[in-house]
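Novice: Next come a sequence and a model predicted from it.
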Amino acid sequence: MSNPFSLEGRTAVVTGANTGIGQAAAVALAQAGARIAVVGRSSMDETIAKIGDPGRVHAISADLSRTANLAPVIDEAVAWAGGVDILVNNAGIIRRNDALDFTEDDWDAVIDINLKSAFFLSQAAARHMKEHGGGRIINIASLLSFQGGIRVASYTASKSGLVGLTRVLACEWASLGINVNAVAPGYVVTNNTEALRNDPARYKAILERIPAGRWAEPEDISGAVTYLASDAARYVHGIVIPVDGGWLAR
Ligand code: NAP
């Protein structure tokens with residue numbers, strides 16, 4: 001019997017794959033058998049080394065905050081691998097400030113990368129996938145897709161919007177054989193949360209609320225991504241899987 005979790009013969013595009021959750025997802029998808037196009041604006045050397053098979057990974061350099069750069073990412077992945085079956089929209093940033101003082105720059109920068117680039121990269125991928133038997137799109141959401149948070153107005157708006165986008169694209173593209181879903185990580189030890197972890201009071205308050213009793217490592221998030229990319233999830237459309245150590249259940 002074939003393994004429904006195997007990604008042998010598939011090609012995945014993972015954005016923001018040089019570090020953190022994106023790097024761990026790229027490594028996990030490769031371990032499941034996929035070829036990986038790793039996309040971002042920083043060196044992908046560490047991720048390529050972790051994947052350990054240079055022939056199965058291709059680095060694409062792109063600043064994803066510029067819409068003009070998005071379709072060429074899919075074109076380059078297709079030129080490299082012959083097709084794209086899986087897209088993981090992981091690249092994202094956060095800006096922290098009181099809502100009363102929040103600037104237009106901190107609003108636009110976060111919305112552009114977390115929401116707008118995820119949409120237009122998905123559009124470019126889906127235009128390819130619909131002609132080639134379908135595919136999988138997996139958006140990296142957040143607990144702030146469900147909750148408000150504090151001092152992160154544009155981030156909460158972007159991640160709440162990303163879940164709405166996941167649902168509308170799932171509805172529009174299911175008939176094309178494209179499954180669109182999301183994974184919502186809890187608190188993960190990455191660059192994104194460095195400021196929180198450097199604030200002893202916030203770090204302790206967050207830790208005490210996590211039923212699992214620890215922050216997540218990036219690798220904790222990869223299983224849900226791999227599942228959604230696989231045949232095991234072929235009838236799953238428009239859902240958000242929290243991977244949060246029980247945070248939302250509390
Ligand atoms: P991270 O280590 O800061 O990774 C963010 C990634 O996005 C990096 O690879 C970064 O590249 C890339 N990126 C940012 N702006 C970009 C741009 N304009 N063009 C191309 N790439 C860009 O943080 P992370 O925690 O792994 O974040 C990954 C995703 O998970 C984000 O969407 C984040 O919102 C989400 N998330 C994180 C947590 C958490 O607790 N850490 C929780 C929920 C959701 P550079 O290194 O070049 O900047």
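Specialist: Great, that's in hand. Residues are numbered from 1 along each chain as shown.
Novice: Measure how far the strand ranked longest in the chain is from the centre of its chain, please.
Specialist: Counting by DSSP state E, the longest strand found in the chain is strand 178-185. Put simply, strand 178-185 sits 8 Å off its chain's centre (CA atoms, centre = their mean, to the nearest Å).
Novice: wait, isn't Ser154 in contact with Arg95?
Specialist: Yes: Ser154 lies in contact with Arg95 (CB atoms under 8 Å); the separation is 6.1 Å. Yep, even glycine has a C-beta here, placed from its N, CA and C like the rest.
Novice: Among the two, which residue is more densely surrounded?
Specialist: A direct count of neighbours by other CB atoms under 10 Å for Ser154 and Arg95 places Ser154 higher, at 26 against 17.
Novice: still on that earlier bit, what do Ser154 and Arg95 both touch?
Specialist: Residues touching both Ser154 and Arg95 (CB atoms under 8 Å, 6 or more residues apart in numbering): 106, 109-110.
Novice: How many residues are close by the nearest residue to Ala30 once chain neighbours are set aside?
Specialist: Excluding the flanking residues, the one nearest Ala30 by CB to CB, 6 or more residues apart in numbering is Ile51, at 4.6 Å. By other CB under 10 Å, the residues close to Ile51 number 22.
Novice: wait, what's in contact with Ile51?
Specialist: With CB under 8 Å, 6+ apart, Ile51 has these contacts: 26-27, 30, 36, 57.
Novice: who does Val38 bridge with?
Specialist: As for beta bridges, Val38 partners with Val14, Ala59 under DSSP bridges.
Novice: Just to check, it is in contact with Ala62?
Specialist: No: using CB under 8 Å, Val38 is not in contact with Ala62; the gap is 10.7 Å.
Novice: which residues do the two both contact?
Specialist: Counting by CB under 8 Å, 6+ apart, nothing touches both Val38 and Ala62.
Novice: Comparing the two, which residue is more hemmed in?
Specialist: Shown here are Val38 and Ala62; by other CB under 10 Å, Val38 has more neighbours (27 against 19).
Novice: For the chain, which residues are neighbours of the ligand?
Specialist: For the chain, the residues in contact with the ligand (CB under 6 Å from any ligand atom) are 16, 18-22, 40-42, 63-65, 90-93, 113, 140, 142, 185, 187-188, 190-193.
Novice: any idea how far Ser117 is from Thr67?
Specialist: Here the criterion is CB to CB, to the nearest Å. By it, Ser117 lies 7 Å from Thr67.
Novice: more crowded one of the two?
Specialist: Using other CB under 10 Å as the criterion, Ser117 and Thr67 rank with Ser117 on top: 24 against 14.
Novice: surely the more buried one meets Ala68?
Specialist: No: assessed by CB under 8 Å, Ser117 is found out of contact with Ala68, at 11.0 Å.
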